[in-house]
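> what follows is a predicted protein model with its sequence.
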Amino acid sequence: MNCEWVQQNTALYLYDELADDARHELEQHIRRCPDCAAELAAQQKFQEQMNALPVEEPSASFLAAARMRLQESLETAQQNRAWYHRLAFDPMVWMRQVRFSPALATIIFLAGFGGGLGAMYSAKGPITATSTTLPVEASIGGITSIEKQAGTDNVKVQYDKRLPASVQGPVSDPKVQDLLLYAAKSNENSGVRLNSVDVLTSKADDPRVRETLTYALRYDSNPGVRLMALDGVGPFVKQDVRVRNAVLEALLDDSNLGVRSGALHALEAVRTDSSVRMALQQLSKEDPSEYIRTESKRVLASMPNIY
């Protein structure tokens, strides 16, 4: 155990976060090393000074927002696969396999050779011409209008390409849906965004559509679009934690009272969730809107007591 390790782990020692064996070794090192002993004493003094200061309790809204972000990060985190982990972080395993397996060495050589050819042809152009389908976003200049056809599931999306063009079909049609998703996020015309979100709400059970509606609820500058998106995702607050987090953020932070009111009513379905309960308790006491305070109290009063 060297001085660098000890000084890096002194804080963990002070907060009793070191394992017993590491703690014992650090204590033995401190007895022998005046510099590390001085470092420990300085950190102990700093800790005592910090402990003397009053501790302020974080607000319920802050805790709720922090919990939402943590929960969402945990939900979206991808865990490493064992084989991928070995491939990425343990190349010596592969080298040992090559050493004892001539066949594997040949395969790796051929793969490398083929990759080199691929890179060369990628730089100079393919040997034979092939058709490539570009993403929708790269092939259009913008959505100009969206029209629902009365009495049918069809929707007409008109968009600019090199020349004005349009596509027509049911909302479930992949091309139509791609254009609607694009319009909901990217179009500068708020009326087009509103129409797009309006159409997409009928397909909110599709995860990709629900993600776009959640995005609109969080980030669209038009309160009408946010309110329409809230109507679409509201029924999913129970089953989709990302929707629940977005609706709770709207309740806490949205600048429009109508959106906040709609978010509060949508969250009644999950009012027993601890983050929702904490937010309602905070809002019932401190929110500047009398309506939000009153509604928060009403929802809290309808909840069973939890001890």
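Sure thing, it's come through. It should be emphasised that the depicted structure is a prediction, and the values quoted were computed from it without experimental measurement.
> C-alpha from now on. contacts and neighbour counts both.
Fine.
> tell me where the stretch 151-300 of the chain has strands.
Assigned by DSSP state E, counting those that start in this stretch, the stretch 151-300 of the chain shows strands spanning 154-160, 164-170.
> compute the inter-axis angle for the first one and strand 164-170.
By that I understand strand 154-160. Between strand 154-160 and strand 164-170, the angle comes out at 160 degrees (axes from the mean of the first three to the mean of the last three C-alpha atoms, to 10 degrees).
> buried stuff in strand 154-160?
Neighbour-count burial for strand 154-160 flags 154, 155, 156, 157, 158, 159 (criterion: 16 or more other C-alpha atoms under 10 Å).
> from residue 231, how far off is the residue nearest to the fourth one when sequence neighbours are not counted?
Distance criterion C-alpha to C-alpha, 6 or more residues apart in numbering; nearest residue to residue 157, sequence neighbours excluded, is residue 146 at 4.6 Å. As for residue 146, its distance to residue 231 is 19 Å (criterion: C-alpha to C-alpha, to the nearest Å).
> neighbour-wise, which of the two wins?
More crowded of residue 146 and residue 231, by other C-alpha atoms under 10 Å: residue 146, with 24 against 20.
> got the phi and psi for that one?
Per-residue torsions, residue 146: phi -140, psi 130 (degrees, to the nearest 10).
> what's the local residue count around the residue nearest to residue 37 when sequence neighbours are not counted?
Setting aside the residues directly before and after it, residue 37 is nearest to residue 30 in space (C-alpha to C-alpha, 6+ apart), at 5.1 Å. A count of nearby residues for residue 30, using other C-alpha under 10 Å, gives 18.
> then the one 3 residues further on?
Applying the criterion other C-alpha under 10 Å, we find 12 residues in the vicinity of residue 33.
> same check, this time on residue 39
Counted with other C-alpha under 10 Å, residue 39 comes out at 15.
> repeat for residue 147
The burial count assigned to residue 147 is 15, neighbours taken as other C-alpha under 10 Å.
> what residue ranges in the stretch 101-250 of the chain score low on pLDDT?
Counting by pLDDT under 70, the stretch 101-250 of the chain shows low-confidence ranges at 101-141, 161-164, 187.
> redo that, cut-off 50
For the stretch 101-250 of the chain, the stretches with pLDDT under 50 are 101-106, 108-109, 113, 117, 119-138.
> which residues in it form helices?
With DSSP state H, counting those that start in this stretch as the criterion, the stretch 101-250 of the chain has helices at 102-124, 136-139, 174-186, 190-200, 207-219, 223-233, 241-253.
> dump the strands of the stretch 151-300 of the chain to TSV, plus distance to residue 39.
Below are the strands of the stretch 151-300 of the chain laid out as TSV (distance: least, C-alpha to C-alpha, whole Å):
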stretch	distance to residue 39
strand 154-160	67
strand 164-170	70
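> from residue 194, how far out is the spatially closest residue to residue 12 that is not a sequence neighbour?
Of all residues not flanking residue 12 in the chain, residue 18 sits nearest, at 5.8 Å (C-alpha to C-alpha, 6+ apart). Residue 18 is 55 Å from residue 194, where distance means C-alpha to C-alpha.
> hmm, back to that, of all the buried residues of strand 154-160, which two lie farthest apart?
Farthest-apart pair in these is 154 and 159; separation 16.2 Å (C-alpha to C-alpha).
> right, and residue 158 touches residue 169 too?
No. Applying C-alpha atoms under 8 Å, one finds residue 158 not in contact with residue 169, separated by 11.7 Å.
> for the closest residue to residue 169 other than its chain neighbours, which residues make a bridge with it?
Spatially, and ignoring its direct neighbours in sequence, residue 169 is nearest to residue 154 (5.1 Å; C-alpha to C-alpha, 6+ apart). Beta-bridge partners for residue 154, by DSSP bridges, are residue 170.
> doesn't residue 172 make contact with residue 154?
No. Counting by C-alpha under 8 Å, residue 154 stays clear of residue 172, with 9.0 Å between them.
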